[in-house]
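A.B. asks: Structure for the following, please:
(one chain, ligands or ions: 1)
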Amino acid sequence: MSPVATRAKLHVAMVVFQTGYAGNHVIMRFALNLGVSKLVFPLYRTIIALSVLAPSAYFLEKKERPGMNTSLLIQFFLLGLVGITLNQGFYIFGLDNTSPTFASATENAVPAVSFLMAALLGIEKVELKRRDGIAKVVGTFVSVAGSLVITLYKGPTIYEPSQRIMDQSIVNGGSEREEENKNWTLGCLCLMGHCLCWSSWIVLQSPLLKKYPARFSFISCSCFFAVIQFFGISAYFERDVESWKILSGGEVYALLYTGLVGSAMVFAIQIYVVERGGPLFVSAYLPLQTLVAAVLATFALGEHLYLGGMIGAILIISGLYLVVMGKSWESQALIVSRQQQQRFVYSATDEDGDEEEHNKEKRLFRRNSHSRIRGYESNGQVVEKKKQHDGLFLQKSKGQHLLTNTRILDAIVRSSDVRPTDTVLEIGPGTGNLTMKLLEAAQHVIAVELDKRMVEILRARVSDHALQHKLTIIQKDVLKTDFPEFDLVVANIPYNISSPLVAKLVYGSNTFRTATLLLQKEFSRRLLANPGDSDFNRLAVNVKLLADVKFVMDVSKREFVPPPKVDSSVVMITPKEVKPDVDVREWLAFTRTCFGKKNKTLGSMFRQKKKVMELLSLSEAGIATNASDVVEEQGDNRLLCLDTDASVFKERVIGILKSNGFEDKRPSKLSHGQLLRLLSLFNQAAIFFHSLPMDLHDY
Ligand SMILES: C[S@@+](CC[C@H](N)C(=O)[O-])C[C@H]1O[C@@H](n2cnc3c(N)ncnc32)[C@H](O)[C@@H]1O
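C.D. replies: All right, here's what the predicted structure looks like:
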């Protein structure tokens, strides 16, 4: 979808939000007039909202939902407390002591308060010297002023409707609460608390959404905690059983409206727009509800339209227009500045980039390569000094070679067989050249990137295309990260972690269809080697035990910025459907022993004194761990009494090799079946290869 269409969607969403919410004040007043409990009503209302949001979260975000942890749970608890429990609690007490018009009018403070909060927290950039910054500030205040004019200035009648659609008594529920029973000071204080809570909620959603970008799950978690909080408060304060009963149809309607529209719909739209347009976009629209309320009052209730209402409406709409223009100028300015800073990284791969563009980039890169290469240093200090000149320094220590050829990026995505319903795991997205292609092809992308600078560029680039809802960024070392669920992997990985990374994918607990990886050419050749090939090795034997590896294509080093020293290849790893029944740790330790000197025969390898002693101590430890298996398999306690005499132990090892025809064999010539059989023979004879937990780097 084009950015213009996406923005139009946000405006429509906010108009729907404000129209739905404008009715909420009236319905809430109606419910209070019916005598509902101010504590139990919000509980029921939030339960209704949760019952709509939770199934959507469960079914729609099954794959993309990030894992939960204690810190997130605490944040959701606080968000539920501030955004829902206190927010609604203050509102309902405020409304009860004032009037719907007054409550709606005070909410117009939310844009200014949230703007201030967002600016102070650095979530919203305010450049008062730039036209976008001025437009945002002036626009916010103009629309707030407009809503105040509607509320405070009546002026002469300019339109008198001839008929009314609704009877005022329907809205008022027949009996208004007595004016003298209202405590306006308490009401005003509560409404101020409500505005503060709402502003905080809008603003705080934005950073947390970046960590937990599954909207429905996000809001359902907050709602869930709010239900618990409301329940706790109501159970403590509302002891009268009658207050818990729903007594009339009117209460049911009020609950359904406020739960479904005032909460579920409003929560969902709010978080959708905060994610795509930022907090200011949401709050700037709030004054619109005053306008909607005035229009409703005129056409539904037959109230007169006064000059104040007209002036206020014009101000609100002009203010909104200014804010929206400011946001649009801001993103244009951002794109231009980013393009200037990172031209060499970006434009060759932008969506409309072509071959000619790519070559231009490479010429530009070569011409400037002197200064750029100086930027490609692992020395932190030099990098820090140069960063200010070039904008982005690519670090060798992090394997930062960016693939810039659009044709190759497209070919990688095509060959990965990604489907529109897939969640793709990308390791090392860098500035997002491959990520942008993956976002087009897949339903969701989970990108794990170590470098914060890359994450910032990636995030901004994806936001410019309004695709952030399709991307989850995990800013961590991929080797230390537990992956959420994904369907396949597509990545141009940092070459310095190829081996442990491939091991993590193949031997890890995640199930996936395929992993299409761009690897150093030599590494990919080792991975592709088969038993009997001169280059068959431990990496290949281990990976191919559990997966098939297929060559996809070679990629020249010239296609990268900056070019690495070696060429690359793309391979596809497909996990086997049926996996051999073997203790993985035993297998990995066994192949480490066998492939230490892969061209020696097994006989000469296992005759070495050092190897025998090593195996003897491992087997002693292994017996302790595997004793029950050995007894079960052998039914013979003799085997548990392992000879501690090295020469007898060595004879036992060689005896197994000899009697099974392995003594003169070289490990690199053996098939997986043969190697598995040999390992099983050793283990049955209580000879073990592994005792300690292994590290990924041992693979
Ligand atoms: C070869 S670049 C690929 C960049 C991008 N995918 C492209 O094709 O243009 C590798 C990326 O992996 C990141 N990286 C390096 N080590 C990492 C690690 N341990 N965990 C996550 N990302 C890492 C680097 O910062 C870099 O952005």
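A.B. asks: Q684 and V502: what is the separation?
C.D. replies: Q684 is 31 Å from V502, where distance means Cβ to Cβ, to the nearest Å. (Each C-beta comes from the backbone N, C-alpha and C, glycine too.)
A.B. asks: Which one's more surrounded, the two?
C.D. replies: Legend: neighbour count by other Cβ atoms under 10 Å for Q684 and V502, higher for V502 (25 against 15).
A.B. asks: Check the spacing between that one and Q520 real quick.
C.D. replies: Where Q520 is concerned, V502 sits at a distance of 12 Å (Cβ to Cβ).
A.B. asks: Repeat that for G193.
C.D. replies: Distance from G193 to Q520, by Cβ to Cβ: 60 Å.
A.B. asks: neighbour-wise, which of these two wins?
C.D. replies: Between G193 and Q520, Q520 has the larger neighbour count (other Cβ under 10 Å), namely 20 against 17.
A.B. asks: What sits closest to the more buried one if chain neighbours are left out?
C.D. replies: Y495 (4.6 Å; Cβ to Cβ, 6 or more residues apart in numbering).
A.B. asks: Contact partners for the closest residue to the ligand within the chain?
C.D. replies: Using Cβ to the nearest ligand atom, the single residue of the chain nearest to the ligand is G428, 2.2 Å away. For G428, the contacting residues are 399, 448-450, 478, 491-494, by Cβ atoms under 8 Å, 6 or more residues apart in numbering.
A.B. asks: can you do 7 Å?
C.D. replies: If you count contacts by Cβ atoms under 7 Å, 6 or more residues apart in numbering, G428 has them with 449, 491-494.
A.B. asks: out of those residues, who's near the ligand?
C.D. replies: The subset of the contacts of G428 within reach of the ligand, by Cβ under 6 Å from any ligand atom, is 449, 492, 494.
A.B. asks: I'd say the first one and D477 touch.
C.D. replies: Spelled out, it's E449. No. Between E449 and D477 there is no contact under Cβ atoms under 7 Å: 9.8 Å.
A.B. asks: When the two are compared, which one has more neighbours?
C.D. replies: Between E449 and D477, counting by other Cβ under 10 Å, E449 is the more crowded of the two (26 against 11).
A.B. asks: Read off the pLDDT value for the more buried one.
C.D. replies: You'll see E449 listed with a pLDDT of 96.
A.B. asks: List phi and psi for it.
C.D. replies: Per-residue torsions, E449: phi -130, psi 140 (degrees, to the nearest 10).
A.B. asks: Can you pull the poorly scored residue ranges out of the stretch 551-699 of the chain?
C.D. replies: Scanning the stretch 551-699 of the chain for pLDDT under 70 picks out 598, 620-644, 691-699.
A.B. asks: Same question for the stretch 251-400 of the chain.
C.D. replies: 296-305, 328, 331-392.
A.B. asks: repeat that with 50
C.D. replies: Counting by pLDDT under 50, the low-confidence segments of the stretch 251-400 of the chain come to 339-391.
A.B. asks: quick one, helices of the stretch 151-300 of the chain?
C.D. replies: For the stretch 151-300 of the chain, applying DSSP state H, counting those that start in this stretch gives helices covering 168-172, 184-211, 215-237, 249-256, 266-277, 279-284, 287-299.
A.B. asks: what about stretch 500-513, near the ligand?
C.D. replies: No. Stretch 500-513 lies out of reach of the ligand by Cβ under 6 Å from any ligand atom, never closer than 8.0 Å.
A.B. asks: hang on, the earlier thing: kindly tell me how buried the residue nearest to Q520 is, as a neighbour count.
C.D. replies: Residues lying near Y495 (other Cβ under 10 Å) number 19.
A.B. asks: and the gap between it and K557?
C.D. replies: In terms of Cβ to Cβ, Y495 sits 11 Å off from K557.
A.B. asks: same thing with G259?
C.D. replies: From G259 to K557 the distance is 60 Å (Cβ to Cβ).
A.B. asks: Settle it for me: which of those two has more neighbours?
C.D. replies: Neighbour totals were compared for G259 and K557, and G259 leads with 22 against 15 (other Cβ under 10 Å).
A.B. asks: Verify the contact between the more buried one and A49 for me.
C.D. replies: Yes. If you go by Cβ under 7 Å, G259 and A49 touch, sitting 5.1 Å apart.
A.B. asks: mind listing the strands for this structure?
C.D. replies: Here the chain has its strands, by DSSP state E, at 157-159, 305-306, 402-403, 423-427, 444-448, 471-474, 488-492, 514-520, 547-555, 560-561, 568-575.
A.B. asks: In JSON lines: these, plus distance to R538.
C.D. replies: Compiled in JSON lines, those are given as follows (distance: least, Cβ to Cβ, whole Å):
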{"stretch": "strand 157-159", "distance to R538": "85"}
{"stretch": "strand 305-306", "distance to R538": "82"}
{"stretch": "strand 402-403", "distance to R538": "29"}
{"stretch": "strand 423-427", "distance to R538": "22"}
{"stretch": "strand 444-448", "distance to R538": "26"}
{"stretch": "strand 471-474", "distance to R538": "30"}
{"stretch": "strand 488-492", "distance to R538": "22"}
{"stretch": "strand 514-520", "distance to R538": "16"}
{"stretch": "strand 547-555", "distance to R538": "14"}
{"stretch": "strand 560-561", "distance to R538": "28"}
{"stretch": "strand 568-575", "distance to R538": "16"}
